[in-house]
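Trainee: dropping a prediction and its sequence here:
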Amino acid sequence: MQTSKPTFTRYQVFVIAILTFLQFTVVLDFMILSPLSAILLEELDITTSQFGWVVSAYAFSAGASALLASGFADRFDRKKLLLFFYSGFVLGTLFCGLAPSYHWLLAARIITGIFGGVMNSIVFAIITDLFVLQKRGRVMGFVQMAFASSQILGIPFGIYLANHWGWHFPFLLIVGVSLVVGVFIVLFLKPIDEHLKLQTRQNPFRHMLKTLGNKRYLRGFSATVFLATGGFMLMPFGAAFAVNNLGISMDKLPLIYMFPGITSMILGPIAGKLSDSFGKFRIFMIASLIAGAAILVYCNLGTTPLWIVIALNIILFVGITGRIVSSQALITAVPEAKDRGSFMSVNSAVMQISGGIASAIAGMIVFQDPSGFIHNYPMLGYVVGVTVLITIGLMFMINRMVFSNQTDNVADKTEKTDPQKVMLKEA
């Protein structure tokens, strides 16, 4: 009896697994600040605006670093690049775990952002190099499990540790896990350097400017701006809103992250497979409408029973998971092979800088009164709802650009018989 060929080779499975664990540490380092907001606002005696700058500091430094790295991203073995920036990320996270005050934490977040902000672009470049487009949705679905895992394991456990041993301890735990991941990368990840054969002796900064000025790439960057706005606006004050406005106690707060995280972990691979089977834009549009509706309802809640808050968060994460998986898979198809590292770095910079601006604006829109109540949170929901609609339109244009026979890179008639081009067609 003939057996079907596996979707992925054993080595590809390893690559997916190690990138997922790596993303888990990077994502958790960033996301852990949101549930810690209720603790940090009190312990460090800071305002919502100051906390917004803690989040933005990471984003701005990450964006600047990713932009500067874009000119060099395609000139090195991606494994070496990955290890360099991951080492700096671990060091920055260690400083966060040792920070004694607000200003030291702010400085530590800047260091972490300089290195951690480039990680996302390197991971996506590796995925684009090693996996064909028709399987990329499934790969993104599995890597998306890093976000879900941080919701299920990292954030609830981090809150538990912070409640019992202080807010520094979660960062130290991330350092420990990151060191283990780094050892596996050093020992088992093969060099990723095929893209070096496509490079010319082009000045790195000219390469960066050429990537920034490419009209085809600008569409992808524009979509990323609005994709980043939503999450960065709502996330920083999510825990404080749940505790002070919705009436959720600190000991029940982990449940709000755990159950949606479980949902996201299950749906990540499913969303990836659906994106590959039915079209990445279609899944993105459906998921965006679900997320937008859930956001508008959630941001306008008052004191609410725990089960309703959890149910709304589950619905919200159904939409978020579908949006992230489908959009990431589609955007990876925008750059040419020789520009993948540069494009991903610029795209990461755009995401981080846009997110940093969004976080800072959110910190100025909302404010906390002496009772702890967060004011103007519904306004954030309306702003995010508008960005969801704008992003649907932008992703529609990107989808048409990538899969149309009229794009700049697919004008040759012979491509109809070229397997690489036929592979790009989507239902």
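Mentor: That came in fine, so what should we check first? Numbers count the residues shown, from 1 in each chain.

Trainee: can you give me the helices in the stretch 151-300 of the chain?
Mentor: 155-165, 169-188, 204-213, 215-234, 238-244, 253-278, 280-298 (DSSP state H, counting those that start in this stretch).

Trainee: as JSON lines, these with distance to residue 140 would be great.
Mentor: All C-beta atoms are positioned from the backbone trio N, CA, C, and that covers glycine. Below are the helices of the stretch 151-300 of the chain laid out as JSON lines (distance: least, Cβ to Cβ, whole Å):
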{"stretch": "helix 155-165", "distance to residue 140": "21"}
{"stretch": "helix 169-188", "distance to residue 140": "19"}
{"stretch": "helix 204-213", "distance to residue 140": "22"}
{"stretch": "helix 215-234", "distance to residue 140": "14"}
{"stretch": "helix 238-244", "distance to residue 140": "24"}
{"stretch": "helix 253-278", "distance to residue 140": "5"}
{"stretch": "helix 280-298", "distance to residue 140": "9"}
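
Trainee: most packed of those helices?
Mentor: Neighbour counts (mean count of other Cβ atoms under 10 Å) averaged over each of those peak at helix 238-244, with a mean of 23.

Trainee: quick one: residue 369 from residue 302, how far?
Mentor: For residue 369, the distance to residue 302 equals 15 Å [Cβ to Cβ, to the nearest Å].

Trainee: out of the helices of the stretch 151-300 of the chain, which comes closest to residue 49?
Mentor: Closest to residue 49 of these, according to Cβ to Cβ: helix 238-244, at 12.9 Å.

Trainee: other SSEs contacting the closest one?
Mentor: Counting contacts by 3 or more Cβ pairs under 8 Å, 6 or more residues apart in numbering; DSSP states H and E, helix 238-244 is packed against helix 33-43, helix 253-278, strand 374-375.

Trainee: switch these over to JSON lines; also include distance to residue 19 and mean pLDDT.
Mentor: Converted to JSON lines, these look like this (distance: least, Cβ to Cβ, whole Å; pLDDT from 0 to 100):
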{"stretch": "helix 33-43", "distance to residue 19": "23", "mean pLDDT": "75"}
{"stretch": "helix 253-278", "distance to residue 19": "13", "mean pLDDT": "83"}
{"stretch": "strand 374-375", "distance to residue 19": "36", "mean pLDDT": "89"}
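
Trainee: export the ones you listed to CSV and append columns for distance to residue 317.
Mentor: Output for the helices and strands packed on helix 238-244, formatted as CSV (distance: least, Cβ to Cβ, whole Å):
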stretch, distance to residue 317
helix 33-43, 14
helix 253-278, 4
strand 374-375, 21
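
Trainee: residue 312 - nearest residue in space that isn't next to it in sequence?
Mentor: Using Cβ to Cβ, 6 or more residues apart in numbering and skipping residues adjacent in sequence, the residue nearest residue 312 is residue 298, 5.0 Å away.

Trainee: pull up the gap between the one you found and residue 357, please.
Mentor: For residue 298, the distance to residue 357 - Cβ to Cβ - is 23 Å.

Trainee: pretty sure residue 85 sits against residue 112.
Mentor: No: between residue 85 and residue 112 there is no contact under Cβ atoms under 8 Å: 11.0 Å.

Trainee: of those two, which one has the most company?
Mentor: Taking other Cβ atoms under 10 Å, residue 85 and residue 112 do not tie; residue 112 has more neighbours (27 against 22).

Trainee: how about the contacts made by residue 98?
Mentor: 108, 168 (Cβ atoms under 8 Å, 6 or more residues apart in numbering).

Trainee: now do 10 Å
Mentor: Residue 98 makes contact with 104, 105, 108, 168, 171, 172, according to Cβ atoms under 10 Å, 6 or more residues apart in numbering.

Trainee: now do residue 356
Mentor: Residue 356 neighbours (Cβ under 10 Å, 6+ apart): 52-53, 55-64, 113, 117, 228, 232.

Trainee: tell me the secondary structure for it?
Mentor: helix (DSSP: H, G, I helix; E, B strand; the rest coil).

Trainee: and the gap between it and residue 29?
Mentor: Applying Cβ to Cβ to residue 356 and residue 29 gives a distance of 16 Å.

Trainee: so residue 7 sits against residue 138, correct?
Mentor: Yes: with contact defined as Cβ atoms under 10 Å, residue 7 and residue 138 form a contacting pair (7.0 Å).

Trainee: okay, and the common contacts of these two?
Mentor: residue 273.

Trainee: these two - which one has more neighbours?
Mentor: residue 138 (25 against 11).

Trainee: setting the sequence-adjacent residues aside, check what's closest to that one.
Mentor: residue 272 (4.2 Å).

Trainee: can you tell me how far the one you found is from residue 323?
Mentor: From residue 272 to residue 323 the distance is 12 Å (Cβ to Cβ).

Trainee: what touches both of these two?
Mentor: Common neighbours of residue 272 and residue 323 (Cβ under 10 Å, 6+ apart) are residue 283.

Trainee: low pLDDT regions in the stretch 201-350 of the chain?
Mentor: 201-204, 231 (pLDDT under 70).

Trainee: now, which of the contacts of residue 356 sits nearest residue 377?
Mentor: Residue 377 lies nearest to residue 52 out of those, by Cβ to Cβ, at 13.3 Å.

Trainee: what residues are up against the closest one?
Mentor: Taking Cβ under 10 Å, 6+ apart, we find residue 52 in contact with 37, 46, 232-233, 236-237, 356, 358-366.

Trainee: kindly report the same for residue 71.
Mentor: 202-212, 341-342, 345-346.

Trainee: using the three-state scheme, assign residue 335.
Mentor: Taking three-state DSSP, the label given to residue 335 is coil.

Trainee: residue 128 contacts residue 343, doesn't it?
Mentor: Yes: assessed by Cβ under 10 Å, residue 128 is found in contact with residue 343 at 9.1 Å.

Trainee: please say which of these two ends up with more neighbours.
Mentor: It is residue 343, of residue 128 and residue 343, that has more neighbours when counted by other Cβ under 10 Å, with 29 against 24.

Trainee: burial count for residue 45?
Mentor: 9.

Trainee: of all the helices of the stretch 151-300 of the chain, which lies closest to residue 334?
Mentor: Across these, residue 334 has its closest neighbour in helix 215-234 (4.3 Å, Cβ to Cβ).

Trainee: and that closest one with helix 280-298, angle?
Mentor: Helix 215-234 and helix 280-298 meet at an angle of 20 degrees, taking axes from the mean of the first three to the mean of the last three Cα atoms, to 10 degrees as the criterion.

Trainee: which other helices and strands does helix 215-234 contact?
Mentor: Applying 3 or more Cβ pairs under 10 Å, 6 or more residues apart in numbering; DSSP states H and E, we find helix 215-234 packed against helix 48-69, helix 204-213, helix 280-298, helix 306-331, helix 340-365, helix 377-403.
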